[in-house]
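# heads up, no residue letters with this:
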């Protein structure tokens, strides 16, 4: 079923108008592309027209394009970075350096005009810098027309041809793409190997490709009856002549990128379920893959159902899961993944990349500048959903993330999460910081503000910021408004520093009917504390110690012991005395395991079984 474009476009324009009235703005780029593909030479000729609307308050005298294929040439920034970083990505290594002329990637711009006037431009690696012939004023649009030739590189990282599973073309970051301009300015980042960022708009793309190939990817196919390949009404078979080309015509509004893959051996299967998009499974079906891919379908359906319920409803009518990656990578309305491997691995990568449709595809965090948001939010949801899909019911589904973060702390290789994705000193540091420490950011936030407000806050984020590129401050404000708490301190500490959390039960002074528990703050990162005390006779209480700088406290959480709210802890104070009535058997800081305390060995204080000795006891002080 085709999307009702008039309704969708009306909604999109209404959102833009409302945003403008509220002081928010974003640029808009509407692409029309015609691509003539030569599968013998692995090259294509492209004609591109962009209607670029300047919704900013600024007059623009330049624009920038990304020329991603230029990264796959010996001597490129990606090549040099991969050969000089201490722990290179094994998929890249020195492979770019050894590419031959017919294996490299490139974009050659042959003609570039603004409203019919030739433009002056300069190519610097993967960036095309363009001087506009006429300044683009606020609220105005202009037509940018380009003719270009491109060569598809051997697949090394994400994009390219003839990958190790035998997929002919993985066409991602494959066209000259206009760079984003927002309240932070231009984002003309060279392609060094990390993530991407794009301008909201629409795509009208026609691809002329040899008839034996099948395509899957972003957008809605406009000429399914002509194309066939599983898209058509099967009662009307499509006849093809030898050597002919088919013209695949895709359209879609309100996306920020367009990706596709093609192979003559692709199978196309569609799964439909109520309340979720049509799921397209496009892969090379053989005896080795068939069992896993057939079983995968139900897990994918459940993933979209859970995400729709808990994090916001997916807004497009289609989503494609395509064999064609070197791992997995997300794009609007589609993912390209490896086809083989273990079944759990296939499910995991599919779950992860599908969830990106929320955080990369629709909320569209700036993956380059804030990689921890896109990867971290996605990983958080992935581990939660995997726990449900495989019925594991773990106390902390994110335990692996916490363990890896602790190892990073112990390695002394941490870098602040404010680091741009391309500028991390180590790939290992990047991976743990963005995926895992980013996921901990959310799980720990549920500890700070409470599970109920956190869950509703994630839906608030979707409802307020879908299609708007929110940044960390935007997310913080959503959670502050939902919880009523001040959260500057949390973003400043967890994101902006490498400070760690470490609280310890330093001592306990006991009398016959009361106890004074002294808690020590060892780490520099402050946190509110849930301290659970077990009393003789079986009584159990949670003593909640808010931080003074929170300006409030979280609600009582379901499933936790009866709570007593204590006086606030001003963060510079190194110690806090917790006075409780009754004979204490044991004490534990944060039994929910959501706080990323780097040394949990000092979080518990068991007493001798006799309970006859009362005095001062040390418990894990440093």
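Happy to help now that I have it. The shown structure was predicted, so the numbers you read here are calculated from the model rather than taken from an experiment. Residues are numbered from 1 along each chain as shown.

# Tell me which helix or strand the most centrally placed residue in the chain sits in.
Centroid check for the chain by CA atoms, centre = their mean gives residue 374 as the closest residue, at 2.5 Å. Assigning secondary structure by DSSP states H and E places residue 374 in helix 371-389.

# what's the first-to-last distance across stretch 569-587?
Terminal residues of stretch 569-587 are spaced 18 Å apart (CA to CA, to the nearest Å).

# Give me the residues contacting it.
Residues outside stretch 569-587 that contact it (CB atoms under 8 Å, 6 or more residues apart in numbering): 489, 505-506, 508, 510, 512-521, 526, 528-529, 531-537, 539, 541, 543, 545-549, 566, 604-607, 611. The way it works is simple: take the backbone N, C-alpha and C, and place the C-beta from them, glycine included.

# of the residues you listed, buried ones?
489, 505-506, 508, 510, 515, 517-521, 526, 528-529, 531-535, 541, 543, 545-547, 549, 566, 604-605, 607 (16 or more other CB atoms under 10 Å).

# Out of these, list just those in strands.
Among the buried ones among the contacts of stretch 569-587, the members found in strands (DSSP state E) are 505-506, 508, 510, 515, 517-521, 529, 531-535, 541, 543, 545, 604-605.

# Check the offset of the helix ranked longest in the chain from the chain's centre.
As assigned by DSSP state H, the longest helix anywhere in the chain is helix 287-311. Chain-centre distance of helix 287-311: 19 Å, with CA atoms, centre = their mean, to the nearest Å.

# now stretch 405-418
Distance of stretch 405-418 from its chain centroid, counting by CA atoms, centre = their mean, is 20 Å.

# switch to numbering from 26
Right, with 26 as the first residue, what we last looked at is stretch 430-443.

# how far does it stretch from start to finish?
16 Å.

# Equivalent analysis for stretch 489-499, please.
Stretch 489-499: ends 10 Å apart by CA to CA.

# Tell me the buried residues in that stretch?
490, 491, 492, 493, 494, 495, 496, 497, 499.

# The fourth one and residue 186: what is the separation?
This points to residue 493. 35 Å (CB to CB, to the nearest Å).

# try the first one
Noted for residue 490: a distance of 37 Å to residue 186, by CB to CB.

# again with the fifth one
When CB to CB is applied, the distance between residue 494 and residue 186 equals 32 Å.

# And for the third one?
Here the criterion is CB to CB. By it, residue 492 lies 32 Å from residue 186.

# Could you double-check that residue 552 lies in contact with residue 620?
Yes: Residue 552 lies in contact with residue 620 (CB atoms under 8 Å); the separation is 5.8 Å.

# Which one of those two is surrounded by more residues?
Comparing residue 552 with residue 620 by other CB atoms under 10 Å, the one with more neighbours is residue 552, at 27 against 22.

# residues in contact with the more buried one?
473, 526, 528, 572, 620.

# what two of the residues you listed are the furthest from one another?
473 and 528 (14.1 Å; CB to CB).

# any chance you could map the helices in the stretch 76-225 of the chain?
Counting by DSSP state H, counting those that start in this stretch, the stretch 76-225 of the chain has helices at residues 102-109.

# Ok, the stretch 426-575 of the chain next?
Under DSSP H, counting those that start in this stretch, the stretch 426-575 of the chain gives helices at 452-456, 462-474, 476-490, 497-508, 513-515.

# Those: which one's closest to residue 583?
Closest approach to residue 583 among the helices of the stretch 426-575 of the chain is made by helix 476-490 (7.4 Å; CB to CB).

# tell me the average confidence for that closest one?
What helix 476-490 shows for mean pLDDT is 98.

# what's the spacing between residue 512 and residue 463?
Going from residue 512 to residue 463 by CB to CB gives 16 Å.

# who has more neighbours, the two?
residue 463 (25 against 19).

# which residues do residue 552 and residue 620 both contact?
residue 526.

# hang on, isn't residue 56 packed against residue 227?
Yes: assessed by CB under 8 Å, residue 56 is found in contact with residue 227 at 6.9 Å.

# in what helix or strand does residue 616 lie?
Counting by DSSP H and E, residue 616 is part of no helix or strand.

# That one contacts residue 557, doesn't it?
Yes: contact criterion CB under 8 Å: residue 616 and residue 557 qualify, at 5.1 Å.

# Return the backbone torsion pair for the closest residue to residue 340 other than its chain neighbours.
Spatial nearest neighbour of residue 340, excluding adjacent residues (CB to CB, 6 or more residues apart in numbering): residue 387 at 6.4 Å. Residue 387 adopts backbone torsions of phi -120, psi -50, taken as degrees, to the nearest 10.

# got it, and the one 4 residues further on?
Main-chain dihedrals, residue 391, degrees, to the nearest 10: phi -70, psi 100.

# Leaving out sequence neighbours, find the closest residue to it.
Distance criterion CB to CB, 6+ apart; nearest residue to residue 391, sequence neighbours excluded, is residue 222 at 4.8 Å.

# Contact partners for the one you found?
204, 205, 212, 214, 281, 389, 391, 392, 393, 394.

# Ramachandran angles for it?
phi -150, psi 140.

# can you pull the contacts of the nearest residue to residue 149 once chain neighbours are set aside?
On the basis of CB to CB, 6+ apart, the spatially nearest residue to residue 149 that is not a chain neighbour turns out to be residue 215, at 8.0 Å. Neighbouring residues of residue 215 by CB under 8 Å, 6+ apart: 102, 149, 150, 151, 152, 447.

# Retrieve the pLDDT associated with the first one.
Note on residue 102: pLDDT of 97.

# Just give the number of residues close to residue 284.
When counting by other CB under 10 Å, one arrives at 28 neighbours for residue 284.

# which phi and psi does it have?
For residue 284, the backbone dihedrals (degrees, to the nearest 10) come out as phi -130, psi 150.

# how close does the residue lying closest to it once chain neighbours are set aside sit to residue 363?
Once flanking residues are discounted, residue 284 sits nearest to residue 356: 3.7 Å by CB to CB, 6+ apart. Using CB to CB, we find residue 356 at a distance of 15 Å from residue 363.

# Next: residue 173.
30 Å.

# now swap in residue 334 and tell me
28 Å.

# Looking at the two, which is more packed in?
Between residue 334 and residue 363, residue 363 has the larger neighbour count (other CB under 10 Å), namely 18 against 11.

# Regarding the closest residue to the more buried one other than its chain neighbours, what is its secondary structure?
Of all residues not flanking residue 363 in the chain, residue 350 sits nearest, at 5.5 Å (CB to CB, 6+ apart). At residue 350 the chain is in coil, as set by DSSP: H, G, I helix; E, B strand; the rest coil.

# confidence score at residue 350?
89.
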